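1. A structural model of the following input is requested.
(2 chains)
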Amino acid sequence: MDAEQGRRPNPEEGRPYVMLQDLEPGTRVRLAGGDVAEVTGNPKDGSWLFVRRLSEATGEDMVFANDVVEVVDGDGS
Amino acid sequence: MMRGAGNGYVDLEHGRISREIFVSSDVYQQELELIFARAWLFIGHESQIPNPGDFFVSRMGEESVILVRDRQSEIHVFLNTCRHRGMKVCRYDKGSTMMFTCPYHGWGYGTDGKLVGVPFFKEAYHEKLDKAQWGLIEVPQMVNYKGSIWASWDPDAPPFFDYLGGMRTYLDLLLDSRDGREGGAEVLGGVQKWLVPCNWKFGAENFVGDAYHAISHRSVDALNIAPSGKGRTDSGTSASQRFAVSFPELGHGTNTTVQMLENEPYTPVFQNAPELQDYLKNVYEERQRRQGTLSRLLGSASTIFPNLSFQPRQPRVIIAWHPNGPLQTEIWHWYLVDKDAPQELKDLSRKYHTRALGPAGMTEQDDMENWCYATKASSGTIARRYPYNYEMGLGVGEASEFPPGLVSSVPSEKNQRGFYGRWDEFMKAGSWNDIYPKRPR
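-> Alright, predicted model coming up:
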């Protein structure tokens, strides 16, 4: 998925505002703390995403909107 | 015992019911706790939630509940309120979702009701909140009976089949396929919902067995709205008798049409659709083969205490009389058809249903007119002093094997007396122990 998808300007923080509702499974996002995760499911409530962290072998995790920093390409490096 | 407001309002011996129970705010508030928080209530139909994640928002009394099929395909009924600050976690009528998220602070619940997402769980709750204790509130008892979903908030309520008793035979007339196979129905289209300024019991008692009010629908009879173009409904029989059947110890009742002959030949229905006659004749005869004598039961208007009514044939409908304050009812209609019926029959049924029932239906407009003005004319200080009369057929009725139940000819107000007798018992009872096991009356 193109990294531009899901990005909107956020004038308060000066960085892209991530529109959670737009993110399809397969999209990669950077989380607070620096982890990159792949979206595995989106309830499209604007609050939560189901993700799989690329750096860990753990299963599905849930992340809240405030923890989603930006949409990234590839592994985000 | 003697817990609620029931004392003195219901006089079964003389057939008198106080108007207070139709207009009083105090009585109404007690009904919510003593009846609607105890009884088995209809929630919806499983065909409304065929896939994992599907949900339908329903009601139990005044309260919003979510009927949902979880990821494992299990059906649940949850109170529609967040455990954190009470906001509704679902504000849609129906849909499909991965989870229910409270829009207030963001608590998220799985379709199995578990609290799965708490914002700032690490930073603010320091991972000490016990999520397992704070899932959505689920009904303690739920049953899926032939696709119809029922629930009770009372863990001590009797098993659903005990609650239904002999009324189960008549409910089957609604839920079973037209050819006599068990179940097999689906909801046709959406659910009709509208508000009517009358007490919820007006509709319930009308359907429990009021054949006396046929005069109200005389003008509709003359319009020939039935699917065969004559009268209000197709009779579906050439030789029949109607009976008032009640289960007074349970509060349920029905008027039922019974064919007088075994193996009565098919009487055409839906004659406006000649192309469907082979199909309709076939399912009629198939039901006779499957059910034998039982197939002579055709059913009619029915009520399962407290607020669920239905018609098993024309229109084939489930009706919930949701209480909305003492002087308002929110009526919901689910129309049923056999899932495997021809599309032409489904289309015809839909047109007939909306022609006959619902807010714009000709028959139901008559009913609403009566209930609304009766409510208005019963609310005044003077009017409240005078009880309604339920004397018709007082003392008449006998236990019957077929049709099963306490039976009398129609019209009769035996069924209404049974309904209000049970109402009175619920309103006086401290718990289910006081009103169960059942007592014949």
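2. which residues of the chain fall in helices?
-> Picking chain A for this. Defined through DSSP state H, the helices belonging to chain A form an empty list.
3. You answered for a different chain; I wanted chain B.
-> Going by DSSP H, chain B shows helices at B:20-23, B:25-31, B:160-164, B:168-175, B:200-207, B:218-223, B:277-291, B:343-356, B:362-376, B:414-428, B:432-435.
4. For chain A, find the nearest of those helices.
-> Between chain A and these, the tightest spacing by CB to the nearest CB is seen for helix B:343-356, at 31.6 Å. Backbone N, C-alpha and C define where each C-beta goes, glycine included.
5. For the closest one, what is the distance to the chain centroid?
-> Centre-to-centre, helix B:343-356 and its host chain are 21 Å apart (CA atoms, centre = their mean, to the nearest Å).
6. which residues sit against it?
-> Helix B:343-356 is contacted by residues B:188-189, B:220, B:225-227, B:232-233, B:270, B:272-273, B:275-276, B:279-280, B:314-317, B:333, B:335, B:337, B:360-364 when judged by CB atoms under 8 Å, 6 or more residues apart in numbering or on different chains.
7. One more pass at 7 Å, please.
-> Contact partners of helix B:343-356, identified using CB atoms under 7 Å, 6 or more residues apart in numbering or on different chains, comprise B:188-189, B:225, B:227, B:270, B:273, B:275-276, B:315, B:317, B:335, B:337, B:360-363.
8. Only alpha carbons, please: show the worst-scoring helix or strand of chain B on mean pLDDT as PDB.
-> Of all regular secondary-structure elements in chain B, judged by mean pLDDT, DSSP states H and E, the least confident is helix B:218-223 with a mean of 86. Output of helix B:218-223 as PDB, limited to C-alpha atoms (Å, rounded to 0.1, in the frame of the first residue of the first chain):
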ATOM      1  CA  ARG B 218     -64.900  -4.000   8.900                       C
ATOM      2  CA  SER B 219     -63.900  -1.300   6.500                       C
ATOM      3  CA  VAL B 220     -60.600  -3.100   5.700                       C
ATOM      4  CA  ASP B 221     -62.600  -6.300   5.100                       C
ATOM      5  CA  ALA B 222     -64.500  -4.400   2.500                       C
ATOM      6  CA  LEU B 223     -61.300  -3.200   0.800                       C
END
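9. buried sites along it?
-> Judged by neighbour count (16 or more other CB atoms under 10 Å in any protein chain shown), helix B:218-223 contains these buried residues: B:220, B:221.
10. residues touching residue 69, list them.
-> No chain was given, so I picked chain A. For residue A:69, the contacting residues are A:30, A:31, A:32, by CB under 7 Å, 6+ apart.
11. wait, chain B
-> Counting by CB under 7 Å, 6+ apart, residue B:69 makes contact with B:49, B:51, B:52, B:53, B:54, B:75.
12. From those, list the buried ones, please.
-> When the contacts of residue B:69 are checked for burial by 16+ other CB under 10 Å, the buried set is B:49, B:53, B:54, B:75.
13. Distance-wise, check the third one relative to chain A.
-> Summarising the geometry, the distance separating residue B:54 from chain A, computed by CB to the nearest CB, to the nearest Å, is 14 Å.
14. One more: the last one?
-> Between residue B:75 and chain A the computed distance is 20 Å (CB to the nearest CB).
15. thought that residue was touching residue B:144?
-> Yes: with contact defined as CB atoms under 7 Å, residue B:75 and residue B:144 form a contacting pair (6.1 Å).
16. Show me the common contact partners of those two, please.
-> By CB under 7 Å, 6+ apart, the residues touching both residue B:75 and residue B:144 are residue B:46.
17. Return the member of the helices of chain B having the minimum mean pLDDT.
-> Summarising mean pLDDT across the helices of chain B, the least confident stretch is helix B:218-223, with a mean of 86.
18. tell me what that one is packed against?
-> Counting contacts by 3 or more CB pairs under 7 Å, 6 or more residues apart in numbering or on different chains; DSSP states H and E, the secondary-structure elements packed against helix B:218-223 are helix B:362-376.
19. hmm, 10 Å instead?
-> Taking 3 or more CB pairs under 10 Å, 6 or more residues apart in numbering or on different chains; DSSP states H and E as the contact definition, the neighbouring helices and strands of helix B:218-223 are helix B:343-356, helix B:362-376.
20. List the residues that contact residue 62.
-> Reading this off chain A. Neighbour list for residue A:62: A:41, A:43, A:47-51, B:99, B:108, B:110, B:116-118, B:121 [criterion: CB atoms under 10 Å, 6 or more residues apart in numbering or on different chains].
21. that's the wrong chain, I meant chain B
-> Going by CB under 10 Å, 6+ apart, residue B:62 touches B:28, B:32, B:36, B:322, B:323, B:324, B:325, B:330.
22. switch to 6 Å and redo it
-> The neighbours of residue B:62, taking CB atoms under 6 Å, 6 or more residues apart in numbering or on different chains as the test, come to nothing; the list is empty.
23. now the strands: where do they sit in chain A?
-> For chain A, applying DSSP state E gives strands covering A:7-10, A:15-18, A:28-31, A:36-41, A:48-53, A:61-64, A:68-72.
24. Can you say which of those is packed in most?
-> Per residue and on average, the most neighbours among the strands of chain A fall to strand A:48-53, with a mean of 22 (mean count of other CB atoms under 10 Å in any protein chain shown).
25. tell me what the longest strand along chain B is packed against?
-> Counting by DSSP E, the longest strand found in chain B is strand B:329-338. Here strand B:329-338 touches strand B:192-196, strand B:317-323, helix B:343-356, going by 3 or more CB pairs under 6 Å, 6 or more residues apart in numbering or on different chains; DSSP states H and E.
26. how far is the second one from where the chain is centred?
-> With CA atoms, centre = their mean as the basis, the distance from the averaged C-alpha position of strand B:317-323 to the chain average is 5 Å.
27. for residue B:331, what are its contacts?
-> B:194, B:196.
28. Residue B:273 and chain A: what is the separation?
-> 43 Å.
29. ok, how many other residues are close to that residue?
-> Neighbours of residue B:273 under the rule other CB atoms under 10 Å in any protein chain shown: 17.
30. The one 3 residues further on now?
-> Using other CB under 10 Å, residue B:276 has 19 neighbouring residues.
31. Pairing-wise in the sheet, spell out the partners of the residue nearest to residue B:76 when sequence neighbours are not counted.
-> Distance criterion CB to CB, 6 or more residues apart in numbering or on different chains; nearest residue to residue B:76, sequence neighbours excluded, is residue B:68 at 5.4 Å. According to DSSP bridges, the residues that bridge with residue B:68 are residue B:55, residue B:76.
32. just checking, residue B:68 touches residue B:57?
-> No: the criterion here is CB atoms under 6 Å, and residue B:68 misses it with residue B:57 at 9.3 Å.
33. neighbour-wise, which of the two wins?
-> Set side by side, residue B:68 and residue B:57 give different neighbour counts by other CB under 10 Å, the larger being at residue B:68 (28 against 18).
34. quick one: pLDDT of the more buried one?
-> Note for residue B:68: predicted pLDDT of 98.
35. Could you double-check that residue B:319 sits in contact with residue B:307?
-> No: using CB under 6 Å, residue B:319 is not in contact with residue B:307; the gap is 8.8 Å.
36. Spit out the contact partners of residue B:297.
-> residue B:403.
37. 7 Å instead?
-> By CB under 7 Å, 6+ apart, residue B:297 lies in contact with B:173, B:256, B:258, B:403.
38. Please give the number of neighbouring residues around the closest residue to residue B:253 other than its chain neighbours.
-> Using CB to CB, 6+ apart and skipping residues adjacent in sequence, the residue nearest residue B:253 is residue B:415, 3.3 Å away. The number of residues packed around residue B:415, counting by other CB under 10 Å, is 35.
39. so how far is stretch B:13-21 off the chain centroid?
-> In terms of CA atoms, centre = their mean, the gap separating the centre of stretch B:13-21 from the centre of its chain is 23 Å.
40. that older thread, looking at the contacts of residue A:69, spot the one nearest chain B.
-> residue A:32 (9.9 Å).
41. Give me the most central residue, the chain.
-> As the question left the chain open, I've gone with chain A. Centroid-nearest residue in chain A, with CA atoms, centre = their mean: residue A:29, separated by 3.2 Å.
42. my bad, chain B
-> Chain B, centroid-nearest residue using CA atoms, centre = their mean: residue B:308 at 1.9 Å.
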